[in-house]
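Chemist: predicted structure and sequence below. I'll ask about it afterward.
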2 protein chains.
Amino acid sequence: MNIILLGSGNVATHLGQALKTAGHNILQVWSRNNYNATILANQLAAEPLSSISSLNPTADLYIIAVKDDAIHEVAGALSCRGQLVVHTSGSTDLSVLEGVSLAIGVLYPIQTFSKAKDLNFKEIPIAIEANTSSAVDLLHTIARSITSKVVRLDSEHRAVLHTGAVFACNFTNHLYAIAQHVLEQKQLDFDLLRPLIDQTAQKVKTNDPENVQTGPAVRGDSKTMNKHIELLKNNPEYLEVYRLLSQSIINSQHKKQTP
Amino acid sequence: MNIILLGSGNVATHLGQALKTAGHNILQVWSRNNYNATILANQLAAEPLSSISSLNPTADLYIIAVKDDAIHEVAGALSCRGQLVVHTSGSTDLSVLEGVSLAIGVLYPIQTFSKAKDLNFKEIPIAIEANTSSAVDLLHTIARSITSKVVRLDSEHRAVLHTGAVFACNFTNHLYAIAQHVLEQKQLDFDLLRPLIDQTAQKVKTNDPENVQTGPAVRGDSKTMNKHIELLKNNPEYLEVYRLLSQSIINSQHKKQTP
């Protein structure tokens, strides 16, 4: 498949590398940032472009992997007829691409990407959506060439999935950051918590999180919670997070017991 | 070393197995729950006890691994002179053991335990504290026999560490549970998020969480946040968590930019 990549950020980089490894040709990489376009194009043996008007109009697939609020603008600059144009956003409707081409779609890899960290794409679920059945088939074939886990979701379900991902990934990472700050305020090394973080994630590979919940809130151990609240009293923001999440854990227990 | 274990829960089970594997003798396992005491004692080739008055008074080490609010009562039932008595609680002061023996201490494994999940103790940091230097030495030797990571912390620092652990582990797991509920309300499979959860934890093995934060809040992408808020509107509790953690991520960014 001949593919053109629009974007040079984390998603474009990892997706481009996975597609290249799967044997596809990345013809061109366009990015507003000429420097990044060149770096990524070099990695993918593609032509770097900083002007969108120089795009090859005959590729099979155009992947728009830019910030959500730039998708509309980038898509509007394309001149396609029937070629498949997709974006990679979890929370953006397919409709943002309406009118751009006869075949439009979404290819959303359900993962968090950092350029510095290599990834095995094979295990990453990809959610796809498209406006015609032949476009769905094409997208499915492409997605299956880089992962074994492809799921078809409409825009509404994809947005729900993306909301869940914010809790499971973005908020979780922020709690790691809060933990690090709590420790470092008392000169404690964050390394002390790294094995715990790893194990907490390992446990839910094979369990439902609710069934492996530990800690003072799920035990109803108010003495320990009060001690923690006392220790956090100089940090109203963390204190509020502590109270709200503890209460939410307590509420879940009540729901479990009185279904 | 001859060791007596008081308790038969997750911590007692994993600690007992690790100590046994390291070559120590577990003489007896006492638990209020006779059935659990018998199961664990059998695993450790130890004598099960349901009456605390039958404890062997000549062991080298007595480990109290019971719920925090039961430590005081269990300790009070011991009749030790100079033998080392320790508890395993992150948030309980050493002072809870005062008067129980001449040598008292704490051995706190910084980990989340489930009986069903095997653990490699070698990577688990253990925080130790004791009231005399010879007790510290003894505890250090025992801890080093099961892990390469031993740190000496006083009760105040251990409580801070435990508070951090609640954010990094207990609250994180609860966010996984919320994510699962958000998905299942729309018949989406939690498996779709499992690789993301794993990768989020993997990333902070070698990075500071603040440096790998992703998602709409850190990008200041209010359009996406508003879409998520709209999707969560029927669940006021999750909505409150969403708002608070998003705001907290935004605040962290401001702090980074205006140090």
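Modeler: Perfect, I can see it now.
Chemist: tell me the residue of the stretch 51-200 of chain A that sits nearest chain B?
Modeler: Closest approach between the stretch 51-200 of chain A and chain B, counting by CB to the nearest CB: A:Asn170, at 3.0 Å. For glycine as for every other residue, the C-beta is placed from the backbone atoms N, C-alpha and C.
Chemist: name the residues that touch the host helix or strand of A:Leu19?
Modeler: Assigned by DSSP states H and E, A:Leu19 belongs to helix A:10-21. Residues outside helix A:10-21 that contact it (CB atoms under 8 Å, 6 or more residues apart in numbering or on different chains): A:1, A:3, A:5-6, A:26, A:29, A:31, A:40, A:43-46, A:63, A:65-66, A:88, A:107, A:109, A:111, A:113-115, A:119, A:121, A:142, A:145-147, B:214.
Chemist: one more time with 7 Å
Modeler: A:3, A:5, A:26, A:40, A:43-44, A:63, A:65, A:88, A:109, A:113-115, A:119, A:121, A:146 (CB atoms under 7 Å, 6 or more residues apart in numbering or on different chains).
Chemist: could you identify the most distant pair in those residues?
Modeler: For those, the farthest-apart pair by CB to CB is A:Ile3 and A:Ser114; their separation is 22.6 Å.
Chemist: got the buried residues for stretch A:109-118?
Modeler: A:109-114, A:117 (16 or more other CB atoms under 10 Å in any protein chain shown).
Chemist: wait, which of these is closest to B:Leu232?
Modeler: Checking the buried residues of stretch A:109-118 one by one against B:Leu232 (CB to CB), the nearest turns out to be A:Ile110, at 18.8 Å.
Chemist: need the contact list for that closest one.
Modeler: So A:Ile110 contacts A:124-125, A:127, A:161, A:165, B:192-193, B:196 (CB under 7 Å, 6+ apart).
Chemist: nearest residue to it other than its sequence neighbours?
Modeler: A:Pro125 (4.6 Å; CB to CB, 6 or more residues apart in numbering or on different chains).
Chemist: now do whichever helix or strand A:Ala135 is part of: which elements does it pack against?
Modeler: Assigned by DSSP H and E, A:Ala135 belongs to helix A:133-146. The helices and strands touching helix A:133-146, judged by 3 or more CB pairs under 7 Å, 6 or more residues apart in numbering or on different chains; DSSP states H and E, are strand A:84-87, strand A:103-109, strand A:126-130, strand A:150-152.
Chemist: ok, 8 Å please
Modeler: helix A:10-21, strand A:84-87, strand A:103-109, strand A:126-130, strand A:150-152 (3 or more CB pairs under 8 Å, 6 or more residues apart in numbering or on different chains; DSSP states H and E).
Chemist: average pLDDT across stretch A:196-204?
Modeler: For stretch A:196-204, mean pLDDT is 96.
Chemist: how about residues contacting it?
Modeler: With CB under 8 Å, 6+ apart, stretch A:196-204 has contacts from A:176, A:212, B:110-112, B:114, B:117, B:119, B:165, B:168-169, B:172-173, B:176, B:194, B:197-198, B:200-202, B:204-205.
Chemist: would you map the helices across chain A?
Modeler: Ranges of helices in chain A, per DSSP state H, are A:10-21, A:34-43, A:71-76, A:133-146, A:155-165, A:172-184, A:194-203, A:216-219, A:222-231, A:236-257.
Chemist: do the fifth one and chain B meet?
Modeler: Yes - interface with chain B: helix A:155-165 contributes A:156-157, A:159-165 (CB under 8 Å from any CB of the partner chain).
Chemist: picking up where we left off before, compare the contacts of helix A:10-21 and tell me which has the most neighbours.
Modeler: A:Leu5 (30 neighbours; other CB atoms under 10 Å in any protein chain shown).
Chemist: got the confidence number for that one?
Modeler: 98.
Chemist: which non-adjacent residue is nearest it?
Modeler: A:Val29 (4.8 Å).
Chemist: ok, the one you found - contacts?
Modeler: A:4-5, A:8, A:12, A:16, A:37, A:40-41, A:44, A:46-49.
Chemist: same list, the residues you listed, but as a markdown table with distance to A:Ser79 please.
Modeler: Below are the contacts of A:Val29 laid out as a markdown table (distance: CB to CB, whole Å):
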| residue | distance to A:Ser79 |
| --- | --- |
| A:Ile4 | 12 |
| A:Leu5 | 17 |
| A:Ser8 | 21 |
| A:Ala12 | 21 |
| A:Gly16 | 22 |
| A:Ala37 | 19 |
| A:Leu40 | 23 |
| A:Ala41 | 21 |
| A:Leu44 | 23 |
| A:Ala46 | 20 |
| A:Glu47 | 18 |
| A:Pro48 | 20 |
| A:Leu49 | 14 |
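Chemist: which one of those sits in the busiest neighbourhood?
Modeler: A:Leu5 (30 neighbours).
Chemist: check contacts around A:Ala159.
Modeler: A:90-91, A:93, B:227-228, B:231.
Chemist: kindly recompute the last result at 10 Å.
Modeler: A:89-93, A:153, B:186, B:224, B:227-228, B:230-231 (CB atoms under 10 Å, 6 or more residues apart in numbering or on different chains).
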